[in-house]
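Colleague: below are the sequence and a predicted model; questions follow.
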Amino acid sequence: MSLINEILFMNEEEADLEADKVMSFGDLFYERSGGDVSEGSSPTAKFATLGASSYLDSPEDYVSRSAESNPTIDFNFNQLLTAVKKSLGVIFNKEIIDLDGAGRVGFHVFDERANGEEAQWHVDMPYENEGIVWPEPPTNPFSFTLPLRLPQGVGGLDFKDEEGKERYYPYTVGNLYLSNGLFPHRIANPIRIREGENRITLQGHGVFSEISSLGFVYF
């Protein structure tokens, strides 16, 4: 597998319908500053998520927010998430299921508050969140992104290749982007988001079991 793999998944019209659906739950968004922020703090919000996030929430908040947001995601995005898990299952030749007790695969929502901001370089290690209880020993993590809406059709990922050179990978709305997440990367912010525009992506992580043929996905 190359650092980033691109898979045709859905057309732009279908993606736009899912993006509209995400925006209809704005009163359930969690405001985010880009770091691990505990419940009750007041950071400067730069974006939002629909769903609990293992890499943005403290362990305690992750557990409570998962219980709070999972029913909404399960009921309203079941068809989308089932299709994503089926596609991943075909790619990996494994059965892919939700990680019980963890946050469902969720959504990033950016607006003009992100203008002028640069995301932090990182590698994906969300499985270290102590709010996650593993039913089977995890191995071989992976990460995936599905852009549902991009401002002016522009967005992507900044990453560092095997030689440490910074590169930009542009996204296409409706395509699924898959990697192991274990190389330096960050959300790219290549253009100014105009008022009323959004960058909406489905975001997920996964691991495989060391003892069975299962793969588990979560946010």
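Modeller: Looks like it arrived, so ask away.
Colleague: on the three-state scheme, residue 169 is what?
Modeller: strand (DSSP: H, G, I helix; E, B strand; the rest coil).
Colleague: run a quick neighbour tally on it.
Modeller: By other Cβ atoms under 10 Å, the residues close to residue 169 number 15. In short, each C-beta sits where N, CA and C put it, glycine included.
Colleague: check contacts around it.
Modeller: 4, 156-159, 177, 188 (Cβ atoms under 8 Å, 6 or more residues apart in numbering).
Colleague: what's the helix or strand for the residue most central in space within the chain?
Modeller: For the chain, residue 203 is the residue whose C-alpha lies nearest the centre (Cα atoms, centre = their mean; 1.5 Å). Of the helices and strands defined by DSSP states H and E, residue 203 is found in strand 199-209.
Colleague: for that strand, what is the average pLDDT?
Modeller: When pLDDT is averaged over strand 199-209, the result is 98.
Colleague: can you check stretch 99-106 too?
Modeller: Mean pLDDT, computed over stretch 99-106, is 97.
Colleague: and what of stretch 132-145?
Modeller: For stretch 132-145, mean pLDDT is 96.
Colleague: contacts for that stretch, please.
Modeller: Counting by Cβ under 8 Å, 6+ apart, 54, 62, 84, 88, 99-102, 124-125, 127, 157, 171, 176-182, 201-212, 214, 216, 218 sit against stretch 132-145.
Colleague: may I have the residues that are in contact with residue 127?
Modeller: Here residue 127 is in contact with 54, 134, 138, 141, 205, 207 (Cβ under 8 Å, 6+ apart).
Colleague: I'd say the first one and residue 63 touch.
Modeller: This points to residue 54. No: at 10.4 Å, residue 54 does not count as touching residue 63 under the criterion of Cβ atoms under 8 Å.
Colleague: shared neighbours of these two, which are they?
Modeller: With Cβ under 8 Å, 6+ apart as the test, residue 54 and residue 63 both reach residue 131.
Colleague: returning to that earlier point: now, the contacts of residue 169 that are in strands?
Modeller: Among these, the ones falling in strands (DSSP state E) are 156-159, 177.
Colleague: now do the strands in the chain.
Modeller: Applying DSSP E to the chain gives strands spanning 5-8, 30-32, 47-50, 95-98, 106-110, 138-149, 156-160, 166-170, 175-179, 185-187, 199-209, 214-218.
Colleague: what about the lengthiest helix in the chain, distance to the chain center?
Modeller: Using DSSP state H to define each element, the chain has its longest helix at helix 59-76. Put simply, helix 59-76 sits 15 Å off its chain's centre (Cα atoms, centre = their mean, to the nearest Å).
Colleague: that's all I had, so thanks and see you.
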